[in-house]
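Student: Need a 3D model of the sequence below.
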Amino acid sequence: MHFQLIHTDDKTSARAGLLTTAHGQIETPIFMPVGTVGSVKGVLQRDLKEEVKAQIILGNTYHLYLRPGTDILEQAGGLHRFIGWDRPILTDSGGFQVFSLTGIRKLKEEGCYFTSHIDGSKHFFSPERVMDIERSIGADIIMALDECPPGTSDYDYAKKSLGLTHRWLDRCLKRFNETEPKYGYEQSLFPIVQGCTYRDLRTQSAEFIASKEADGNAIGGLAVGEPAEVMYEMIEVVNAILPTDKPRYLMGVGTPANLLEGIERGIDMFDCVMPTRNGRNAMLFTSEGIMNIRNKKWENDFTPIDPNGTASVDTFYTKAYLHHLFKAQELLALEIASIHNLAFYLWLVGEARKHILDGSFPAWKSIMMRRVTNRL
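Tutor: Numbering: from 1, shown residues only. The predicted structure is shown next:
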């Protein structure tokens with residue numbers, strides 16, 4: 001993997017870059033649709049390419065390990081071939097999913113014992129095991145196993161958790177370096193900065209992660225209930241330390257406003273289930289603001305969903321029609337809303353990139369912040 005930093009905004013830390021992987025190039029800043037179990041819910045791979053214009057998607061190690069399992073994925077030749085996707089893929093380590101299984105997991109130095117949410121079967125994730133699983137899945141970018149502590153963790157727990165995450169990272173790196181990719185192309189391992197909302201722990205973690213000189217670095221454990229201003233502060237603390245010549249990935253974030261604020265602070269990569277999850281619940285993010293398409297006010301609005309949108313669904317279908325589909329509980333409503341929201345997110349980061357490159361990012365961002373937070 002190679003990352004080229006093309007331009008940094010003069011007045012902010014916003015960056016435009018080019019990330020090259022075995023399955024293609026990614027223009028940053030970028031948003032990555034979440035395909036947890038090998039599918040972005042309700043969206044065909046064809047539409048991810050042609051309508052959404054996705055350059056990279058995510059898979060989840062925890063879910064793919066449980067179903068369909070690494071044996072099936074290896075027989076298929078890896079996740080790319082299994083799902084029919086020839087562009088880059090990133091897999092998270094499954095750590096967030098495992099540690100959210102309160103009551104059905106047991107955390108130890110050697111790893112995490114957990115019970116499947118599907119059938120109650122018992123499993124074990126160690127740093128070494130997760131690296132083997134992610135080798136079998138075959139994503140271009142894979143994440144190290146970390147503990148994602150609750151956002152409300154006290155300082156003592158956060159510090160103890162951070163120590164475990166760092167020790168696990170060393171084991172991940174060792175296993176990664178002593179194994180080979182399985183499908184004839186290279187993979188890149190990203191460590192994850194943790195430390196909750198404690199400035200000194202975030203600083204310590206960013207310094208530790210930076211010292212590993214990985215191909216890229218991630219920031220985890222944010223957008224888990226803390227105020228947005230605190231999240232932005234932690235991003236600034238971490239990005240002041242992480243190397244500028246490597247991509248920075250903010251995990252699980254977030255709203256369109258979060259993306260713009262993150263980009264301003266030097267984040268290159270984002271992912272979140274919000275565009276598809278909220279879309280399935282009739283919330284649309286548009287170039288003029290946020291709308292609940294179920295509201296009666298859209299019942300006889302025969303204007304396009306988003307006349308400024310980039311997907312064909314934005315201009316082909318009307319607000320009134322999509323309102324009708326949701327009221328009638330038609331599956332097509334979920335598909336249209338998901339495609340629209342994902343296309344909007346990709347449009348937003350693409351526009352941010354353009355304005356970074358031409359030097360107008362701060363003024364453009366100020367305008368867009370008002371629009372993307374506007375309730376229609």
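Student: Next one: Thr197 relative to Leu19, how far apart?
Tutor: 29 Å (Cβ to Cβ, to the nearest Å). No exception for glycine: its C-beta is placed from N, CA and C like everyone else's.
Student: These two: which is more packed in?
Tutor: More crowded of Thr197 and Leu19, by other Cβ atoms under 10 Å: Leu19, with 26 against 21.
Student: if I pick Ile293, what's in contact with it?
Tutor: 282-284, 319, 322-323, 326, 337 (Cβ atoms under 8 Å, 6 or more residues apart in numbering).
Student: Restricted to helices, list these.
Tutor: In this view, these that belong to helices under DSSP state H are 319, 322-323, 326, 337.
Student: can you pull out the helices in the stretch 101-250 of the chain?
Tutor: 127-137, 155-177, 199-210, 228-239 (DSSP state H, counting those that start in this stretch).
Student: about what we covered before: so can I have CSV of the ones in helices among the contacts of Ile293 showing pLDDT and neighbour count?
Tutor: Listed next are the ones in helices among the contacts of Ile293 as CSV, based on pLDDT from 0 to 100; neighbours: other Cβ atoms under 10 Å:
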residue, pLDDT, neighbour count
Lys319, 98, 23
Leu322, 98, 25
His323, 98, 23
Phe326, 98, 21
Ala337, 98, 27
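Student: out of these, who's nearest Gly59?
Tutor: Comparing the ones in helices among the contacts of Ile293 against Gly59 with Cβ to Cβ places Ala337 closest, at 22.4 Å.
Student: pretty sure that closest one contacts Thr286?
Tutor: No - taking Cβ atoms under 8 Å as the definition, Ala337 is not a contact partner of Thr286, at 11.1 Å.
Student: So which of the contacts of Ile293 is the closest to Leu164?
Tutor: Met283 (36.8 Å).
Student: separation between the most centrally placed residue in the chain and Leu58?
Tutor: In the chain, the residue lying closest to the centroid (Cα atoms, centre = their mean) is Asp271, at 1.9 Å. Distance, Asp271 to Leu58, by Cβ to Cβ: 5 Å.
Student: between these two, what contacts are shared?
Tutor: With Cβ under 8 Å, 6+ apart as the test, Asp271 and Leu58 both reach 32-34, 90.
Student: Identify the farthest-apart pair in the residues you listed.
Tutor: Pro33 and Leu90 (10.7 Å).
Student: For the two, list the residues in contact with both.
Tutor: Joint contacts of Pro33 and Leu90 (Cβ under 8 Å, 6+ apart) are 57-58, 271.
Student: got JSON lines for these, with distance to Trp85, pLDDT and secondary structure too?
Tutor: JSON lines is the format used below for the shared contacts of Pro33 and Leu90 (distance: Cβ to Cβ, whole Å; pLDDT from 0 to 100; DSSP: H, G, I helix; E, B strand; the rest coil):
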{"residue": "Ile57", "distance to Trp85": "7", "pLDDT": "98", "secondary structure": "strand"}
{"residue": "Leu58", "distance to Trp85": "11", "pLDDT": "97", "secondary structure": "strand"}
{"residue": "Asp271", "distance to Trp85": "15", "pLDDT": "98", "secondary structure": "strand"}
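Student: Tabulate these in TSV, adding columns for distance to Val40.
Tutor: TSV is the format used below for the shared contacts of Pro33 and Leu90 (distance: Cβ to Cβ, whole Å):
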residue	distance to Val40
Ile57	6
Leu58	9
Asp271	11
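Student: ok, now how distant is the residue of the chain most remote from its centre from Tyr321?
Tutor: Distance from the C-alpha centroid of the chain, by Cα atoms, centre = their mean, peaks at Asn300 (35.9 Å). Here Asn300 is placed at a distance of 11 Å from Tyr321 (Cβ to Cβ).
Student: Can you tell me how far Lys108 is from Asn60?
Tutor: 23 Å.
Student: more crowded one of these two?
Tutor: Asn60 (20 against 10).
Student: Skip the chain neighbours and tell me the closest residue to that one.
Tutor: Excluding its sequence neighbours, the residue lying closest to Asn60 (Cβ to Cβ, 6 or more residues apart in numbering) is Thr36, at 4.5 Å.
Student: That neighbour: how many residues sit nearby?
Tutor: Residues lying near Thr36 (other Cβ under 10 Å) number 17.
Student: now swap in Ser39 and tell me
Tutor: 16.
Student: what sits against it?
Tutor: Contacts of Ser39 by Cβ under 8 Å, 6+ apart are Ile83.
Student: Quick one: low-confidence residue ranges for the stretch 151-300 of the chain.
Tutor: Within the stretch 151-300 of the chain, no stretch falls below the threshold (pLDDT under 70).
Student: Could you pull up the contacting residues of the residue nearest to Leu79 when sequence neighbours are not counted?
Tutor: Once flanking residues are discounted, Leu79 sits nearest to Ile137: 4.9 Å by Cβ to Cβ, 6+ apart. Residues near Ile137 by Cβ under 8 Å, 6+ apart: 59, 61, 64, 70, 73, 78-79, 91.
Student: can you do 6 Å?
Tutor: Ile137 makes contact with 64, 73, 79, 91, according to Cβ atoms under 6 Å, 6 or more residues apart in numbering.
Student: Is the second one in a helix, a strand, or coil?
Tutor: Three-state call for Leu73 (DSSP: H, G, I helix; E, B strand; the rest coil): helix.
Student: Just the pLDDT for Leu101.
Tutor: If you check Leu101, the pLDDT there is 70.
Student: Test my guess that it contacts Phe114.
Tutor: Yes - using Cβ atoms under 6 Å, Leu101 is in contact with Phe114, at 5.5 Å.
Student: Those two - which one has more neighbours?
Tutor: Per other Cβ under 10 Å, whichever of Leu101 and Phe114 has more neighbours is Phe114, with 21 against 14.
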